[in-house]
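Visitor: let's see this in three dimensions:
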Amino acid sequence: MLPPPEAARPLIPVVERAEELHRQNNRTEAEKLCCEVLELAPGQPEALSLLYRIHAEAGQERAADGLLRRIVTLHPNTFWATNELTLALLKKGAIAEAEIHARNAVRIAPENPQSHNLMGMVMTEANRPQIGEYHYRKVLALTQRHDPILLANLAWNLKNQGRMAESRDLYEQATAGPEVLQTLLGWARMEEADRNFDRAAELLDRAERLSPGNPSILLSRAIVFGRVRSYEKALNLLDAIAGQNSDDRLGPNKLLEKGRLLDRLGRYAEAFDAFAEGKRLCREVSGLAYLEGQARQLVERSHGFFTETRLRTLPRAQPRNDLPQPIFILGFPRSGTTLVEQTLSAHPQIAAGDELPFVNEITASMPRILNSPLTYPEALAELWMGDRRDGLDELRDYYLQRVFQLGILEPGASWFTDKMPLNETHLGLIALMFPRAPLIHVLRHPLDVVLSVFSNHLTHGFYCAYALETAARHYLRIMELVQHYRSEMTLHYLPVRYEDIVDEQEESVRRMLDFIGAPFHPSCLQFHENRRYARTASYAQVTERLYDSSRYRYRHYLKELEPVIPIVEPMIRFLGYAID
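Guide: Residues are numbered from 1 along each chain as shown. Take a look at the predicted model:
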């Protein structure tokens, strides 16, 4: 228990003396005084604040972050600390935790532009750019000025929504004055994503004049060269990056990009080394690792709740016929769900919803919506109560209302897609809310999936992608859960193999459309002409004609994959694949 505020008043002169020592650059004595104050009054805010600044200036990130957490816990309405903690978490890639504090910053200071800017940044990184756009535009309204950095952030947000013309216009405005390296790099990536490769190269030339030899610029050039298949030029740039000194080393995301390019060049051993180093740095920078205990608990509780006996007595939501209906494209990350969504959304009656977080939101909000003392999935037991028997209709309508707010329900569309990775974790809940919704489960050789997950920066699945072995363990855990759902309840479920789509495209497309109930449309065979921007790591692949180089890519990495083969081998056999 903290002492009452009046008990800490005699310590204020000590804190003031520590501040004076800090201004004189005597950090050692200032820190000592702060610690003495906090021994007597552990929650003294000025001492905590000064001690945080001392550790931050010394580059002691872990200690500084710990003090920020302590401040926001003891003094939850302290805006500056909430702001700093959010930025620190965002830098580490801890998006989910950053969102908690960003939301609190808006609650503390709803008219402060900085709080909305934080929410804009976090929501954009969390792949919810429509919400991020709202908060960025709120900053513009509050400040009544067009800050170039804000414009560049909003431009990146719009790029992630596929609104390339609007993004381009904002980048033009953001670079009207002094040029900023990160703005030019972001603009170049936007043009690369929009397939304007010459324009991307011009922007990288401008960036080069600001920071000659910058490894991020070199890597961006290599990516552009890779997109246009100038592999020799890409290779030379990668070699130039490798030859730079350690002070200019690439960060985790750039190392993963380098590894993927090396893979395309057929330099597989070097590619895997880059993946491994990228993931090692990712763990080091973020301090995150697979949350295996939480993952295991969720899966075990889902196994325990969703049983045939219990499901037989649970109600189902009634279908809504007044709105377009969801098509759930299920699959572990990197299994081919983006390819399927690009294919289906080329159909005039199917709108692309992309990765919708609403099923996960419902699992978190279920105790409140159903007024239950239990958490998900046990909170579904409320459906047996007379005053909660329509609870699934409420959950269904919550989902549809959130979809409506995003504005993805296109005129003339009868369906929209939801391809949120690992939605299959909640397959039982989805089937209760939307019993008639098509559930298309995209399967791919498990070793290809695990390898591809390892080669990309992904936070889905309790951070399982941060190491090769944990990616394999989570894959097996989720696939076994899917088989449990299929054995315990009736599902409107269609498994589709990625390899079959590559080998027998038209047959696979017709099969999916028949399952959905939509007529065949030839545009679905030309998915690469779909100008929609896919907000996933597969954005470049789905702009190309169907190719088979990603099929059985694991064969190039069999030696590196040896530690995880025993983990996934049972599922490889169960799905009818082989290891060769």
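Visitor: confirm Leu494 sits in a strand?
Guide: Yes. Counting by DSSP: H, G, I helix; E, B strand; the rest coil, Leu494 is located in a strand.
Visitor: that one contacts His441, doesn't it?
Guide: Yes. Counting by Cβ atoms under 8 Å, Leu494 does reach His441; the two are 6.9 Å apart. No exception for glycine: its C-beta is placed from N, CA and C like everyone else's.
Visitor: between the two, who's got more neighbours?
Guide: His441 (24 against 16; other Cβ atoms under 10 Å).
Visitor: tell me which element Glu16 falls in.
Guide: helix 12-23 (DSSP states H and E).
Visitor: state the helix or strand in which Ile440 lies.
Guide: Judged by DSSP H and E, Ile440 forms part of strand 439-443.
Visitor: helix or strand right after that strand?
Guide: Criterion used, DSSP H and E; the element after strand 439-443 is helix 446-454.
Visitor: hmm, who's touching that following helix?
Guide: Applying Cβ atoms under 8 Å, 6 or more residues apart in numbering, the contact partners of helix 446-454 are 275, 279, 332-335, 464-465, 467-468, 471-472, 475, 479, 498, 550-554, 557, 561, 564-565, 568, 571-572, 575, 577, 579.
Visitor: could you list the alpha-carbon positions for it in PDB?
Guide: C-alpha atoms of helix 446-454 as PDB (Å, rounded to 0.1, in the frame of the first residue of the first chain):
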ATOM      1  CA  PRO A 446       2.800 -28.200 -43.400                       C
ATOM      2  CA  LEU A 447       6.600 -27.700 -44.000                       C
ATOM      3  CA  ASP A 448       5.900 -25.100 -46.600                       C
ATOM      4  CA  VAL A 449       3.600 -23.300 -44.100                       C
ATOM      5  CA  VAL A 450       6.100 -23.400 -41.200                       C
ATOM      6  CA  LEU A 451       9.000 -22.300 -43.400                       C
ATOM      7  CA  SER A 452       7.000 -19.400 -44.900                       C
ATOM      8  CA  VAL A 453       5.800 -18.300 -41.400                       C
ATOM      9  CA  PHE A 454       9.400 -18.300 -40.200                       C
END
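Visitor: how far out from the middle of the chain is that helix?
Guide: Between the centre of helix 446-454 and the centre of its chain there are 17 Å (Cα atoms, centre = their mean, to the nearest Å).
Visitor: pLDDT on it, on average?
Guide: Helix 446-454 comes out with an average pLDDT of 98.
Visitor: what pLDDT, on average, does the very next helix or strand once past it get?
Guide: Using DSSP H and E, the helix or strand that follows helix 446-454 towards the C-terminus is helix 460-463. Mean pLDDT, helix 460-463: 93.
Visitor: what helices or strands is helix 460-463 leaning on?
Guide: On a contact count with 3 or more Cβ pairs under 8 Å, 6 or more residues apart in numbering; DSSP states H and E, helix 460-463 meets helix 292-305, helix 468-488.
Visitor: for Ala242, which of those is the nearest?
Guide: helix 468-488 (22.6 Å; Cβ to Cβ).
Visitor: could I get the buried residue list for the closest one?
Guide: Buried residues in helix 468-488, counted by 16 or more other Cβ atoms under 10 Å: 468, 470-479, 481-482, 484-485, 488.
Visitor: please apply the same query to stretch 560-576.
Guide: Buried-residue list, stretch 560-576, by 16+ other Cβ under 10 Å: 560-561, 564-565, 567-569, 571.
Visitor: who touches it?
Guide: 272, 443, 445-447, 450-451, 468-469, 471-473, 475-476, 479-480, 483, 554, 578-579.
Visitor: do the same with stretch 355-374
Guide: Contacts for stretch 355-374 (Cβ under 8 Å, 6+ apart): 126-128, 375-383, 388, 391, 394-395, 398-399, 402-403, 406, 418-421, 423, 426, 429-430, 433, 535-536.
Visitor: shouldn't Glu257 be within a helix?
Guide: Yes. Under three-state DSSP, Glu257 sits within a helix.
Visitor: the closest residue to Glu84 other than its chain neighbours - how many residues pack around it?
Guide: In this structure, Glu84 finds its nearest non-sequential neighbour in Leu68, 5.6 Å apart by Cβ to Cβ, 6 or more residues apart in numbering. Number of residues near Leu68 (other Cβ under 10 Å) recorded here: 27.
Visitor: now do the contacts for Leu68.
Guide: 52, 81, 84-85, 88.
Visitor: following the helix or strand containing it, which helix or strand comes up?
Guide: If you go by DSSP H and E, Leu68 is part of helix 61-74. Downstream of helix 61-74, the next assigned helix or strand under DSSP H and E is helix 79-92.
Visitor: hang on, the earlier thing: could you name the helices and strands sitting against the helix or strand just after the helix holding Glu16?
Guide: Reading on from helix 12-23 to the C-terminus, the next helix or strand found by DSSP H and E is helix 27-40. When contacts are defined as 3+ Cβ pairs under 8 Å, 6+ apart, helix 27-40 sits against helix 12-23, helix 45-57.
Visitor: so which of those helices is the most surrounded?
Guide: Of all these, helix 45-57 carries the top mean neighbour count, a mean of 20, counting by mean count of other Cβ atoms under 10 Å.
Visitor: what comes into contact with it?
Guide: 11-12, 15, 18-19, 22, 27, 30-31, 34-35, 37-38, 41, 63-64, 67-68, 70-71, 74-75, 78, 81, 84.
Visitor: buried subset of those residues as a ChimeraX selection?
Guide: Here is the ChimeraX command that selects only those of the contacts of helix 45-57 that count as buried (16+ other Cβ under 10 Å):
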select :11,15,18,19,22,27,30,31,34,37,38,41,64,67,68,70,71,78,81,84
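Visitor: measure Ile362 to Met119 for me?
Guide: From Ile362 across to Met119, the span is 21 Å (Cβ to Cβ, to the nearest Å).
Visitor: who has more neighbours out of these two?
Guide: Met119 (24 against 21).
Visitor: in terms of helices and strands, where is the more buried one?
Guide: helix 113-125.
Visitor: how far away from the center of its chain is that helix?
Guide: On Cα atoms, centre = their mean, the centre of helix 113-125 falls 15 Å from the chain's centre.
Visitor: what average pLDDT does that helix get?
Guide: Computed over helix 113-125, the average pLDDT equals 96.
Visitor: ok, residues contacting stretch 208-221?
Guide: 179, 181, 184-185, 188-189, 192, 200-201, 204, 207, 234, 237-238, 240-241, 244, 248-250, 254, 257-258.
Visitor: what residues are up against the residue most central in space within the chain?
Guide: Nearest residue to the geometric centre of the chain (Cα atoms, centre = their mean): Ala126, 4.9 Å. Residues in contact with Ala126 (Cβ under 8 Å, 6+ apart) are 95-96, 99, 132, 357.
Visitor: farthest-apart pair in those residues, please.
Guide: Once Cβ to Cβ is applied, the contacts of Ala126 give Ala96 and Gly132 as the farthest pair, at 15.0 Å.
Visitor: between those two, which is the more surrounded one?
Guide: More crowded of Ala96 and Gly132, by other Cβ under 10 Å: Gly132, with 26 against 12.
Visitor: how about the strands in the protein?
Guide: 325-330, 350-351, 415-418, 439-443, 493-497 (DSSP state E).
Visitor: just name the most buried of these.
Guide: strand 325-330 (a mean of 26).
Visitor: partners of it, with directions?
Guide: strand 415-418 (parallel), strand 439-443 (parallel) (DSSP bridges).
Visitor: what's the closest of the ones you listed to Asp503?
Guide: strand 439-443 (13.7 Å).
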